[in-house]
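Chemist: Mind looking at a prediction? Sequence and model below.
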Amino acid sequence: MPSGPGAEPGAVTLRGLTVQDWPAVRGIYAEAIAAGRATFERRPPDWKTFNSTHLTEHRILACAGEEIVGWAAAAPTSTRAVYRGVVEHSVYVCPAAQGRGVGRQLLRALVSSTEKAGIWTLQCSIFPENTASLALHRSEGFRVVGRRERIAKMTHGPQTGQWRDTLLLERRSGSAGADAG
């Protein structure tokens, strides 16, 4: 799907995520939480928390016309300087837009923005049964680096109280280690 100015009608365009977009972003996140297949979170954070924990330059919004249909964002994994190039990312697409390439556009844009900024590792945790997200990530150069067994318990939905596994995935930049010496 085309992205940017001059895109065909009905196409998805990408842009930066701002505070004005938060109600729609929060709604997409809440839908994913309710489905119980994407996160351990019980509810989306408030804007202040989201804003303070996610890197401003790596927040991307997908719009179909005026409607916000997805978002991606990256957060540092550590405050230690040695890990400055490692981020954890999230990609969420509203149910009505799933299967239309929106997640792929968002993930590609996030990879591009983080690599341009010198970030050398993108990582995420995905529930093993989230086969669509796993397939998307693998097709974009991510690899499973491990299975975290019984890493946490679900606190909401039909699986409340159940221990869950996650798969840890990462994508290393082509420049990772290039300046090591």
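Modeler: Arrived safely. Numbers count the residues shown, from 1 in each chain.
Chemist: In the protein, where is pLDDT below threshold?
Modeler: For the chain, the stretches flagged by pLDDT under 70 are 1-10, 175-181.
Chemist: mind redoing it with 90?
Modeler: 1-11, 34-42, 151, 153-162, 173-181 (pLDDT under 90).
Chemist: and Val93, backbone torsions?
Modeler: phi -130, psi 140 (degrees, to the nearest 10).
Chemist: center of the protein, which residue is that?
Modeler: Ser90 (1.7 Å; Cα atoms, centre = their mean).
Chemist: Correct me if wrong: that residue contacts Ala72.
Modeler: Yes. Ser90 is within contact range of Ala72, at 6.6 Å (criterion: Cβ atoms under 8 Å). Just so you know, the C-beta spots here come from the backbone N, C-alpha and C atoms, and that holds for glycine as well.
Chemist: re earlier: could you look up the SS state of the residue lying closest to the residue nearest to the centre of the chain once chain neighbours are set aside?
Modeler: Nearest residue to Ser90, sequence neighbours excluded (Cβ to Cβ, 6 or more residues apart in numbering): Ala73, at 5.6 Å. Secondary structure for Ala73, judged by DSSP: H, G, I helix; E, B strand; the rest coil, is strand.
Chemist: So in terms of bridging, what pairs with Ala73?
Modeler: Per DSSP bridges, the residues bridged to Ala73 are Arg59, Ser90.
Chemist: Contact partners for it?
Modeler: Leu17, Phe50, His54, Leu55, His58, Arg59, Ile60, His89, Ser90, Leu110 (Cβ atoms under 8 Å, 6 or more residues apart in numbering).
Chemist: And the furthest pair within the residues you listed?
Modeler: With Cβ to Cβ as the measure, no two of those lie farther apart than Phe50 and Leu110, at 15.8 Å.
Chemist: And these two? Which one has more around it.
Modeler: The neighbour comparison of Phe50 against Leu110 (other Cβ atoms under 10 Å) goes to Leu110, with 25 against 19.
Chemist: So that one sits against His58, correct?
Modeler: Yes. Under the criterion of Cβ under 8 Å, Leu110 makes contact with His58 at 6.3 Å.
Chemist: shared neighbours of these two, anything?
Modeler: Ala72, Ala73, Ala74, His89.
Chemist: Export these as a markdown table, with columns for distance to Gly101.
Modeler: Shown next, in a markdown table, are the shared contacts of Leu110 and His58 (distance: Cβ to Cβ, whole Å):
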| residue | distance to Gly101 |
| --- | --- |
| Ala72 | 13 |
| Ala73 | 19 |
| Ala74 | 20 |
| His89 | 18 |
